[in-house]
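**Student:** Sequence unavailable; structure follows:
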Ligand SMILES: O=C(O)C(=O)C[C@H](O)[C@H](O)CO
């Protein structure tokens, strides 16, 4: 198996509340969202994870088949279940509630990592959530990073802080340790402020560069992204969007950014593309269904 972008973490089945009591089923899980977003932009992508041997696991396998995301390395756990999450919407935006403790993905271990696939990828992508779900998953994330680095494969990391999964101090320690070993850092501003204790976006970007990332794209929500590489730093503005549901917008940015980066090796051009993809993705409900294809992104960019 060879894929441009290999994503490691936990996929989830999503229940998104359209109106009180009406739950629409969809898909989520940050790195699965990234794999789909990258594939819809034309990069090849693969997912490395574990699912329960249950109907929700089957539904995720069917999603990746439909989306042409390589899931040939996904393991099914005979005992543990596939994780779920529920999205509610309120005046403050969306909120998540999880049913994922002890899930199949949380039982991933370093010994199960497909090292050849990691070595053959162009980018390994993982997140703070990948490492938050269990001690084994944390170790698996570090082992994957080490394998990628030894093979000269670029590592991409989105901190994706979820304080319902682990306390801030623990998250900070693990995420900073991971960030010392990544090439491409894709933090969101709100998470990064909590993790770094810094307020100013430029200082945050410099902080992550100081840890080791050569490319940093800090997402600023409706304000776009601040992108640094080499001695150049630039704010890439977003475009106006009709906000319905921002669930997964950061993941859509990540997948589109990585896909475009592989095509152009120009992080600012990749971010110009990815902010438009992310803006399009907030205009309807769910993490996966609204992710645009490259045709839609290119059409929006030319308007
Ligand atoms: O991946 C997770 O843990 C989630 O919270 C599911 C969502 O699809 C994801 O976070 C959106 O970024």
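**Tutor:** Structure's in. What do you need? Keep in mind it's a predicted model, so treat the numbers as computed, not measured. Numbering: from 1, shown residues only.
**Student:** So what's the residue count around whatever residue of the chain ends up closest to the ligand?
**Tutor:** When scored by Cβ to the nearest ligand atom, the chain has residue 28 as its residue closest to the ligand, at 2.6 Å. Where C-beta positions appear, they are placed from N, C-alpha and C, glycine not excepted. Other residues lying near residue 28 total 24 when counted by other Cβ atoms under 10 Å.
**Student:** roughly how far apart are it and residue 249?
**Tutor:** Here the criterion is Cβ to Cβ, to the nearest Å. By it, residue 28 lies 12 Å from residue 249.
**Student:** Residue 98 contacts residue 84, correct?
**Tutor:** Yes - the criterion here is Cβ atoms under 8 Å, and residue 98 meets it with residue 84 at 7.4 Å.
**Student:** now what about stretch 147-161, what contacts it?
**Tutor:** Judged by Cβ atoms under 8 Å, 6 or more residues apart in numbering, the contacts made with stretch 147-161 from elsewhere in the structure are 5, 30, 34, 113, 115, 118-119, 121-129, 145, 168, 171, 175, 178-179, 181-188, 191-192, 194-195, 213, 250-251, 254, 258.
**Student:** Please repeat the previous calculation with a cut-off of 7 Å.
**Tutor:** Outside stretch 147-161, the residues within contact range by Cβ atoms under 7 Å, 6 or more residues apart in numbering are 30, 113, 115, 118-119, 121-129, 145, 171, 175, 178-179, 181-187, 191-192, 194-195, 250, 254, 258.
**Student:** Quick one: the strands in this protein, in order.
**Tutor:** Along the chain, the stretches classed as strands by DSSP state E are 5-8, 12-19, 22-28, 45-48, 50-52, 75-77, 84-90, 93-99, 123-127, 154-158, 184-185, 215-219, 225-229, 232-236.
**Student:** Just put the ones you listed in CSV and tack on mean pLDDT and distance to residue 283.
**Tutor:** Compiled in CSV, the strands of the chain are given as follows (pLDDT from 0 to 100; distance: least, Cβ to Cβ, whole Å):
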stretch, mean pLDDT, distance to residue 283
strand 5-8, 98, 24
strand 12-19, 96, 14
strand 22-28, 97, 15
strand 45-48, 98, 23
strand 50-52, 98, 30
strand 75-77, 98, 35
strand 84-90, 96, 14
strand 93-99, 94, 14
strand 123-127, 98, 24
strand 154-158, 98, 22
strand 184-185, 98, 27
strand 215-219, 98, 17
strand 225-229, 98, 18
strand 232-236, 98, 19
